[in-house]
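Enquirer: My questions concern the predicted model and sequence given below.
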Amino acid sequence: HSAEAHRTDLMTITRFVLNEQSKHPESRGDFTILLSHIVLGCKFVCTAVNKAGLAKLIGLAGETNGEEQKKLDVLSNEVFIKALVSSGRTCILVSEEDENAIIVEPSKRGKYCVVFDPLDGSSNIDCGVSIGTIFGIYALKDTHEPTIEDVLLPGKNMVAAGYCMYGSSCTLVLSTGAGVNGFTLDPSLGEFILTHPDIKIPKKGKIYSVNEGNAKNWDRPTATYVEKCKFPEDGSSPKSLRYIGSMVADVHRTLLYGGIFLYPADKKSPNGKLRVLYEVFPMSFLMEQAGGQAFTGKERALDLVPTKLHERSPIFLGSHDDVEEIKALYAAEG
Ligand code: AHM
Ligand code: MG
């Protein structure tokens, strides 16, 4: 109706999180400040990603001084590190781009530990496919000197997780442990507006998403599962295959439409490809918060205790019933 045409009561992501935090009397706004710095990083990367094609073709003003342009993933990493450190609310950062954890200098420290992949799927940049930033947040319980032990914790200990997808629109999906909400960047306002309140993944889906090029090296449960997607034995219709090869886009579709996303182990990569801390955990956290499941082939993904920063794990995540099937196949294998 007409009120919709000129909305005056906009639910921005900051306002939304402020509302959520006000339910916790002990909260002093630190999380809201941290999040607004993450949001700033996402906006910056969004602009950079959108300009990337043009910059390459014609060179953007001010960036053509003979210096080679910074690669987008390197640029994104710098942007997020600076935004996170300057928030004054972080103490330790783990980025896919940096081998070692970054310990924030004492004068800028806060209690949050942020693990992130600043620009996941960057091999897709040159053909314009959606890519994204993935992040997870832990909180220190006291004010000890931060060490990597503070992030080598199971995913269920995260206080928040999310991703931002740089696609046909820029969408930020966030959970602070009370459901999942999606926000879309309104470029004219420069604000993320709540567009997908309380996302729930369908209980069962019609799509499976996996790199089938690795099939020759799969283990039996994965191979059996994918075969059943194509040739169901219970009279149901086969599932559709959708695989972009960009985790944020593949998981985003899974979250909205249902189905299953798999990056299984194979003979060449016995731990799969995806990284536990900043890929597997945040996406598993979101899936569970949306009513889905996430499984490693051995256990609930969020129960896994990582032993090193860039550890990998196989992952099966998505609709409750679809993940239940793959769990049964692994259980039968013993
Ligand atoms: P990256 O961190 O090097 O960008 O790799 C991660 C990406 C994910 O976005 C995606 O799910 C996966 O790699 C695809 O891998 P593959 O090309 O082996 O199917
Ligand atoms: Mg990555």
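Expert: Perfect, I can see it now. Numbering: from 1, shown residues only. Ligands and ions are numbered 1, 2, ... in the order given.

Enquirer: show me where pLDDT drops low in the protein?
Expert: Along the chain, segments meeting pLDDT under 70 span 1-6, 55-70.

Enquirer: tell me which parts of it are close to ligand 1?
Expert: Proximity of the chain to ligand 1 (C-beta under 6 Å from any ligand atom) is limited to residues Glu96, Asp120, Gly121, Ser122, Ser123, Asn211, Gly245, Ser246, Met247, Asp250, Lys273. The C-beta positions use only the backbone N, C-alpha and C, and glycine is treated the same way.

Enquirer: among those residues, which are in reach of ligand 2?
Expert: Among those, proximity to ligand 2 is found for Asp120 (C-beta under 5 Å from the ion).

Enquirer: farthest pair in the residues of the chain next to ligand 1?
Expert: Glu96 and Asn211 (18.9 Å; C-beta to C-beta).

Enquirer: and these two? which has more neighbours close in?
Expert: It is Glu96, of Glu96 and Asn211, that has more neighbours when counted by other C-beta atoms under 10 Å, with 21 against 14.

Enquirer: how about the strands in the protein?
Expert: Per DSSP state E, the chain carries strands over the ranges 90-95, 102-103, 109-120, 131-139, 160-166, 170-175, 181-186, 191-196, 207-209, 240-241, 260-263, 293-295, 315-318.

Enquirer: got these as a markdown table, with mean neighbour count columns?
Expert: Converted to a markdown table, those look like this (neighbours: other C-beta atoms under 10 Å):
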| stretch | mean neighbour count |
| --- | --- |
| strand 90-95 | 23 |
| strand 102-103 | 15 |
| strand 109-120 | 25 |
| strand 131-139 | 26 |
| strand 160-166 | 27 |
| strand 170-175 | 24 |
| strand 181-186 | 21 |
| strand 191-196 | 17 |
| strand 207-209 | 24 |
| strand 240-241 | 14 |
| strand 260-263 | 26 |
| strand 293-295 | 23 |
| strand 315-318 | 29 |
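
Enquirer: Is it possible to get TSV of those strands that adds distance to Thr14?
Expert: Formatted as TSV, those follow (distance: least, C-beta to C-beta, whole Å):
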stretch	distance to Thr14
strand 90-95	18
strand 102-103	25
strand 109-120	17
strand 131-139	16
strand 160-166	14
strand 170-175	12
strand 181-186	10
strand 191-196	8
strand 207-209	32
strand 240-241	38
strand 260-263	30
strand 293-295	28
strand 315-318	29
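
Enquirer: Provide the count of other residues in contact range of whichever residue of the stretch 201-334 of the chain sits closest to ligand 2.
Expert: The minimum distance from the stretch 201-334 of the chain to ligand 2, using C-beta to the ion, falls at Glu279 (5.6 Å). Using other C-beta under 10 Å, Glu279 is surrounded by 27 other residues.

Enquirer: ok, it - contacts?
Expert: Residues near Glu279 by C-beta atoms under 8 Å, 6 or more residues apart in numbering: Glu96, Asp117, Asp120, Ile134, Met247, Ile315.

Enquirer: what's across from the residue nearest to the fifth one when sequence neighbours are not counted in the sheet?
Expert: To tie it back to what came earlier, the one meant is Met247. Spatial nearest neighbour of Met247, chain neighbours left out: Asp120 (5.5 Å); criterion: C-beta to C-beta, 6 or more residues apart in numbering. Listed by DSSP bridges, the beta-bridge partners for Asp120 are Gly132.

Enquirer: who's in contact with Leu10?
Expert: With C-beta under 8 Å, 6+ apart, Leu10 has these contacts: Leu189, Glu191, Ile193.

Enquirer: and the first one, how far is that from His196?
Expert: Just to be clear, that refers to Leu189. 17 Å (C-beta to C-beta, to the nearest Å).

Enquirer: what do you get for Ile131?
Expert: For Ile131, the distance to His196 - C-beta to C-beta - is 19 Å.

Enquirer: dump the residue contacts of the residue nearest to Met247.
Expert: Glu96, Ile131, Gly132, Thr133, Ile134, Ser246, Met247, Val248, Glu279 are the contacts of Asp120 under C-beta under 8 Å, 6+ apart.

Enquirer: distance of it from Ala48?
Expert: Taking C-beta to C-beta, one finds Asp120 at 15 Å from Ala48.
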